[in-house]
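Enquirer: what's the 3D shape of this:
(chains A and B)
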Amino acid sequence: MIRALIVCIFTVWGGIASAEQLKLAVTTSFHNSGLSDVLLPAIQEDTGIEVQLLVVGTGQAIRLGEAGDVDAILVHSRPAEDAFVAGGYGTHRREIMYNDFVIVGPQGDPALVADAATAADALRLIADVSAPFVSRGDDSGTHKKELALWDAAEVSRGGDWYRPVGAGMGAALNTASGMNAYILSDRASWLSFGNQGALALLFSGDPVLFNQYAYIPVNVDRHPHVKSALASDLEDWLTSPRAARLINDYSINGEALFTFNADQGS
Amino acid sequence: MGEIWEGLVAGFWLVVTLDSDLVEITLRSLQVTVSATVIASVIALPFGAWLAIRRFRHRRATIAVLNALMGLPPVVVGLVVYLLLSRAGPFGVLGLLFTPTAMIIAQVIIITPLIASIAHQSIRDIWAEYHDLLISFSTTRKQRIATLLWDGRRALLTAALAGFGRAIGEVGAIMIVGGNIDHATRVLTTAIALETGKGDFALALGLGFVLIGLSVAVNMIIHAVSRTESEGKW
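Expert: Modelled structure (predicted):
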């Protein structure tokens, strides 16, 4: 019995080491959407690269890249990305695809955000009636976008109704679902979320809610151990026609989640 | 209630169909936790015995600290191990971050005080009984520790199993140092956290039942192999 167990353990152990591995830090919204389950097998098939995903918030993804613990990052917060590249941590920023943020809330819509003209108006309406609002509160791309929108709405959000949970997109949606609260989510995570409960998509379409994902390889000059050749191969694949087709065709319940917009010229 | 039932059904199907992902992460859970338990036991059991028979100046304080460390917060352990193993940290050159080895290191740190503390408790009781005998044979300290460890092996097994139990259900530390990478560092607990995040409660709960079943199975196998709790044997 013990011997069988030991054999089992060593078999697994041996199975772990394999050749072309690349560590990529991605945002929770990218992974929870399910798109990675489509792209990763295709990447392995075409390039032989086994992409190991670290699913974290944009803030942490950038920290991982700065420390050199990953080979590349795929995130969605423009100011943080520009600072990352400017600081010499990343070689360059390459736009891959976009989706958009949406405001989700209770089906009854007590704050009437469905009729709001802009995203900032919608948040102002929520603050006006002090309707419960769940914030990611984790320095992620979605959280940064939300904070920018509150600043644009110019209302204070100090009350009991504003609940920063410090968690990933899925966990925050679970909390919002449990409290029947409003929340800002990216469209992909919302559509693929399994526990929607009494929540509904209430507001979308404001251009300010545009959500661009960009790929940044970690700078090999700063971290010599980084697999820059593989990172470059992955970038070529992510901007290839096959990636474009897979990304554009990925849909849940007939609704497309992402739009490919990489510049294929460069 | 409906969701708990769905979880049971999901767990049942995962097991009977021998879902390949499930088998993989279950074996990885075992690999990490069994390794951590063995390493921690090798450190903690002799240390617990040594602590029981040795009288020294700060013994009381050492035991108090050891007992307090049983409640070491896994998230903090994870964070410290993460910072040590990060490329920017002192052991960064080893490239261990986000590997099963890093997860084993974190778990060893978490469960060593627990195993040492329980081992110390039980060996102290045996030592009270054996004290005069072992002294009269004028045994060396090494011999005494070896005797106590051997005669206390049943209680020490419980100590090791307590460590195993804490490690197999742990998620905070291994999430940070392992990164929950599919096919590399994903184990049962981090998979449960992931599925919960996706709102797929049935699958998360199914994995949870598999984890509980695994823990029960390991304990029963260990008892069967070492023939504890069987009639006529101590």
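
Enquirer: how close does A:R242 sit to A:A42?
Expert: 7 Å (Cβ to Cβ, to the nearest Å). For glycine as for every other residue, the C-beta is placed from the backbone atoms N, C-alpha and C.

Enquirer: then A:D115?
Expert: Applying Cβ to Cβ, one obtains 42 Å for the distance of A:D115 from A:A42.

Enquirer: ok, now which ones touch residue 138?
Expert: Since you didn't name a chain, this refers to chain A. Under the criterion of Cβ atoms under 8 Å, 6 or more residues apart in numbering or on different chains, the contact list for A:D138 reads A:G57, A:G59, A:G166, A:A167, A:G168.

Enquirer: and those, which two are the farthest apart?
Expert: A:G59 and A:A167 (12.9 Å; Cβ to Cβ).

Enquirer: next, A:A131: secondary structure please.
Expert: Using DSSP: H, G, I helix; E, B strand; the rest coil, the structure places A:A131 in coil.

Enquirer: got a pLDDT number for it?
Expert: According to the prediction, A:A131 has pLDDT 92.

Enquirer: skipping adjacent residues, who's closest to it in space?
Expert: Of all residues beyond its chain neighbours, the one nearest A:A131 is A:A111 (4.6 Å), with distances taken as Cβ to Cβ, 6 or more residues apart in numbering or on different chains.

Enquirer: hang on, the one you found in a helix?
Expert: No - remark: A:A111 does not belong to a helix; assigned using three-state DSSP, it is coil.

Enquirer: now for it: which residues touch it?
Expert: Applying Cβ under 8 Å, 6+ apart, we find A:A111 in contact with A:G105, A:A122, A:L125, A:I126, A:D128, A:V129, A:A131, A:Y182.

Enquirer: drop anything exposed from these.
Expert: The neighbour-count test (16 or more other Cβ atoms under 10 Å in any protein chain shown) applied to the contacts of A:A111 identifies A:G105, A:A122, A:L125, A:I126, A:A131, A:Y182 as buried.

Enquirer: I'd say the last one and A:S135 touch.
Expert: Pointing back at A:Y182 there. No - in this structure A:Y182 lies outside contact range of A:S135 using Cβ atoms under 8 Å: 9.8 Å.

Enquirer: avg pLDDT for the host helix or strand of A:M97?
Expert: Taking DSSP states H and E as the criterion, the element that holds A:M97 is strand A:94-106. Across strand A:94-106, the average pLDDT comes to 93.

Enquirer: what do you get for stretch B:29-39?
Expert: Rounded to a whole number, the mean pLDDT of stretch B:29-39 is 96.

Enquirer: pop the domain breakdown of chain A in here.
Expert: According to automatic domain parsing, chain A comprises the domains A:2-98+A:210-260, A:100-209.

Enquirer: which of those has the lowest mean pLDDT?
Expert: Lowest mean pLDDT within the domains of chain A: domain A:2-98+A:210-260, at a mean of 87.

Enquirer: helix, strand or coil: sort out A:V26 for me.
Expert: On the three-state scheme (three-state DSSP), A:V26 is labelled strand.

Enquirer: what's the answer for B:G206, then?
Expert: Counting by three-state DSSP, the backbone at B:G206 sits in helix.

Enquirer: ok, A:L184 next?
Expert: At A:L184 the chain is in strand, as set by three-state DSSP.

Enquirer: name the nearest residue to it, sequence neighbours excluded.
Expert: The spatial neighbour of A:L184 that comes closest, neighbours along the chain excluded (Cβ to Cβ, 6+ apart), is A:E146 at 4.6 Å.

Enquirer: run the chain-centre distance for whichever helix or strand that neighbour is part of.
Expert: Following DSSP H and E, one finds A:E146 within helix A:141-153. When C-alpha coordinates are averaged (Cα atoms, centre = their mean, to the nearest Å), helix A:141-153 and its chain have centres 15 Å apart.

Enquirer: stretch B:12-24 too?
Expert: What separates the centre of stretch B:12-24 from the centre of its chain is 24 Å, taken as Cα atoms, centre = their mean.

Enquirer: returning to that earlier point: relative to B:G213, which of the domains of chain A is closest?
Expert: Ranking these by distance to B:G213, with Cβ to Cβ as the measure, places domain A:2-98+A:210-260 first at 15.8 Å.

Enquirer: hang on, the earlier thing: the residue nearest to A:L184: neighbour count?
Expert: 25 (other Cβ atoms under 10 Å in any protein chain shown).

Enquirer: my guess is it contacts A:V134, does it?
Expert: No - in this structure A:E146 lies outside contact range of A:V134 using Cβ under 8 Å: 10.0 Å.

Enquirer: between these two, which contacts overlap?
Expert: Shared contacts of A:E146 and A:V134 (Cβ under 8 Å, 6+ apart): none.

Enquirer: any weak-confidence spans in chain B?
Expert: Screening chain B residue by residue with the criterion pLDDT under 70, one finds the ranges B:1, B:228-234.

Enquirer: now do the helices in chain B.
Expert: Listed from the start of the chain, chain B has helices (DSSP state H) covering B:2-16, B:20-53, B:59-69, B:74-85, B:100-136, B:141-151, B:153-168, B:172-178, B:188-197, B:201-226.

Enquirer: so what does the fifth one touch, helix or strand wise?
Expert: Which is helix B:100-136. helix B:20-53, helix B:59-69, helix B:74-85, helix B:141-151, helix B:153-168, helix B:172-178 (3 or more Cβ pairs under 8 Å, 6 or more residues apart in numbering or on different chains; DSSP states H and E).

Enquirer: in a markdown table: those helices, plus distance to A:A83 and mean neighbour count.
Expert: Conversion of the helices and strands packed on helix B:100-136 to a markdown table gives the following (distance: least, Cβ to Cβ, whole Å; neighbours: other Cβ atoms under 10 Å in any protein chain shown):
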| stretch | distance to A:A83 | mean neighbour count |
| --- | --- | --- |
| helix B:20-53 | 36 | 21 |
| helix B:59-69 | 40 | 13 |
| helix B:74-85 | 22 | 19 |
| helix B:141-151 | 56 | 16 |
| helix B:153-168 | 39 | 20 |
| helix B:172-178 | 24 | 25 |
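
Enquirer: could I get the ones you listed as a markdown table with distance to A:G141?
Expert: Converted to a markdown table, these look like this (distance: least, Cβ to Cβ, whole Å):
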| stretch | distance to A:G141 |
| --- | --- |
| helix B:20-53 | 28 |
| helix B:59-69 | 38 |
| helix B:74-85 | 22 |
| helix B:141-151 | 54 |
| helix B:153-168 | 34 |
| helix B:172-178 | 20 |
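
Enquirer: any idea which of those helices gets closest to A:T91?
Expert: Closest of those to A:T91 is helix B:74-85, at 24.6 Å (criterion: Cβ to Cβ).

Enquirer: list the contacts of that closest one.
Expert: Contact partners of helix B:74-85, identified using Cβ under 8 Å, 6+ apart, comprise B:89-92, B:94, B:96-97, B:102, B:105-106, B:109-110, B:170-177.
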